[in-house]
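Student: Need the 3D shape of this:
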Amino acid sequence: MHTFKRGFFCSDLSIRYPYKDCTITVPMLLLMMLLLPMLFVAVVEIMRICKRFRTRLYLRNLWRAEATFSFGFIATYLTTELAKHAVGRLRPHFFQGCQPRLDDGSSCSDPQNAEVYVEQFHCSNENLSIRQIRELHVSFPSAHSSLSFYSMVLLALYVHGVWRGRGGVRVLRHVLQFLLLMAALCVSLSRVADYWHHWSDVLAGALLGMAYASITAAYVGDLLRRRPRPVGSCPPSLNYSHHLHHQLMADNNNSTAKVHFLAAAASASMTTTTPLDDIQDSDVEDSHDSQDSQDSQEEDGSDNEEMEDVYKPQSSHTPTPPHSSPIDLTHVV
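Tutor: Modelled structure (predicted):
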């Protein structure tokens, strides 16, 4: 790809910094931000299924995690390189590395070129190769910053998605996430300290890496979705409903309707349902409530009939004896 050749002012002090070797070289960057994160993911996937380890399941989970990470890493790298060659910003050590000379043979040390914007120039430093001269024009944005922030932010989101726990375990998870982000920050700041990038180059690279990490985690790896609460977990209101259930049973042992109501409430609080299940359960409960109301009405009717039979006053008249047939006395003498 052709790199845009940007001009400069001879009086620009931001591109006159001394040349220094990189603290974090490109092989070190690939080792820290590509190979080590992929190895970390491979180890974590083993730990996730260690109790029921299956080779096919492990390879499938590993393929999904590594493919997600690699997709975002390649996308971040391509976007950064495209921006580098399209903008063509000069590095802070451009003057010392290039030693530019104008096409008319003059240099920036000449007084007439102090306030001139130079567009036509060539590098007079014969110790640099064509590739090294080309690298002097690709300062914005920082590839070290974008790739390191992408890798560490995505790895922090991955840890947040797979590492569950409470108390001290959650604190350890947050400590690990903090260390990952600090590693990305240290790599990025080293580019400013070595005079290989301006601070705005590092900031732009960090924002680019975080944006790609968030997009990859949300839409490619699906790491930001809310995990459903496991079935069978008891909400905090269970103990209260259980205590209320026993209290009302002690107050009225003969109230069958209240006992059924509290038992249904306690059993409903012990299960976790989705909103769709709540809608379906409400219809079922309505039908059950109508059926219970009909049964209660029938029971109330039968109870009323029994009460009427028990408390109904007896009649004062005595029952009449059955009519007997007339006695034939003709045979009596």
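Student: Can you report phi and psi for Gly118?
Tutor: No Gly there; residue 118 is Val. Taking degrees, to the nearest 10, you get phi -90, psi 120 for the backbone angles of Val118.
Student: where does this structure have low pLDDT?
Tutor: 165, 167, 225-333 (pLDDT under 70).
Student: can I see the domain layout of it?
Tutor: Following automatic domain parsing, one gets these domains for the chain: 8-220, 234-271.
Student: So which of those is the most surrounded?
Tutor: domain 8-220 (a mean of 17; mean count of other CB atoms under 10 Å). Quick note: C-beta positions are derived from backbone N, CA and C, even for glycine.
Student: Next secondary structure element downstream of the host helix or strand of Gln96?
Tutor: Element membership for Gln96, per DSSP states H and E: helix 94-98. With elements assigned by DSSP H and E, the helix or strand that comes after helix 94-98 is strand 100-102.
Student: which residues are contacting that following strand?
Tutor: 8, 94, 107-108, 113, 118, 120-124 (CB atoms under 8 Å, 6 or more residues apart in numbering).
Student: if we go to 10 Å?
Tutor: Identification of contacts with strand 100-102 by CB atoms under 10 Å, 6 or more residues apart in numbering yields 7-8, 10, 15, 90, 94, 107-108, 110, 113, 116, 118-125, 136.
Student: Show me what the helix holding Gln96 packs onto, helices and strands only.
Tutor: strand 8-9, strand 121-123, helix 130-135 (3 or more CB pairs under 10 Å, 6 or more residues apart in numbering; DSSP states H and E).
Student: Pull up the pairing partners for the first one, direction included.
Tutor: To tie it back to what came earlier, the one meant is strand 8-9. Sheet partners assigned to strand 8-9 using DSSP bridges are listed as strand 117-118 (antiparallel).
Student: still on that earlier bit, hey, C-alpha coordinates of the helix holding Gln96 in CSV?
Tutor: Output of helix 94-98 as CSV, limited to C-alpha atoms (Å, rounded to 0.1, in the frame of the first residue of the first chain):
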residue,chain,number,x,y,z
PHE,A,94,11.9,11.9,12.1
PHE,A,95,14.6,14.6,11.8
GLN,A,96,17.4,12.6,13.3
GLY,A,97,16.4,9.5,11.4
CYS,A,98,15.7,11.0,8.0
